[in-house]
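Novice: Any chance you could fold what I've pasted below:
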Amino acid sequence: MKRIASLEYGQWDELDELVTSWADVANQALVHVLMTRYKLRQHLHAIKQYLLFGQGDFVRHLIDLLADKVQPGATNILHHNLTGIVETAVRASYAQV
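Specialist: Just a heads-up that it's a prediction; the model follows:
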């Protein structure tokens, strides 16, 4: 990292370089703290698991349940039937987590 003894008015390139280099140092330190002290990677993995309902179990259950209801040429599914199917798939996926 380059250090500048003093800056004078009009040295915009030098100021930009100084601020950029110190921003890089600060960003590296922040990422290090987030990854080590606060275990950001583990938290992000937990959020991913929550949002995906585990390892895709929700989608698998939903497709299995919908396979009987959606036949080729079917033009509509009643709202209350679809709601029940989605709720069943959610419950089944949470039961495995």
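Novice: Can you name the next helix or strand after the helix-or-strand element of the chain with minimal mean pLDDT?
Specialist: Lowest on mean pLDDT, DSSP states H and E among the helices and strands of the chain sits helix 53-69, with a mean of 78. Sequence-wise, the next helix or strand downstream of helix 53-69 (DSSP states H and E) is helix 79-95.
Novice: C-alpha coordinates for that next one, PDB please?
Specialist: Once non-C-alpha atoms are left out, helix 79-95 reads as follows in PDB (Å, rounded to 0.1, in the frame of the first residue of the first chain):
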ATOM      1  CA  HIS A  79     -57.500 -23.200  -5.600                       C
ATOM      2  CA  HIS A  80     -58.300 -25.000  -2.400                       C
ATOM      3  CA  ASN A  81     -56.900 -28.300  -3.800                       C
ATOM      4  CA  LEU A  82     -53.700 -26.600  -4.800                       C
ATOM      5  CA  THR A  83     -53.400 -24.900  -1.400                       C
ATOM      6  CA  GLY A  84     -53.800 -28.300   0.400                       C
ATOM      7  CA  ILE A  85     -51.200 -29.900  -1.800                       C
ATOM      8  CA  VAL A  86     -48.700 -27.100  -1.100                       C
ATOM      9  CA  GLU A  87     -49.400 -27.300   2.600                       C
ATOM     10  CA  THR A  88     -48.900 -31.100   2.600                       C
ATOM     11  CA  ALA A  89     -45.600 -30.700   0.700                       C
ATOM     12  CA  VAL A  90     -44.400 -28.100   3.200                       C
ATOM     13  CA  ARG A  91     -45.300 -30.300   6.200                       C
ATOM     14  CA  ALA A  92     -43.600 -33.300   4.600                       C
ATOM     15  CA  SER A  93     -40.400 -31.400   3.800                       C
ATOM     16  CA  TYR A  94     -40.200 -29.900   7.400                       C
ATOM     17  CA  ALA A  95     -40.700 -33.400   8.900                       C
END
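Novice: Quick check: which helices or strands does that helix pack against?
Specialist: In terms of contacts (3 or more Cβ pairs under 8 Å, 6 or more residues apart in numbering; DSSP states H and E), helix 79-95 is packed against helix 53-69. Any C-beta I mention is one placed from the backbone N, CA and C, and that applies to glycine too.
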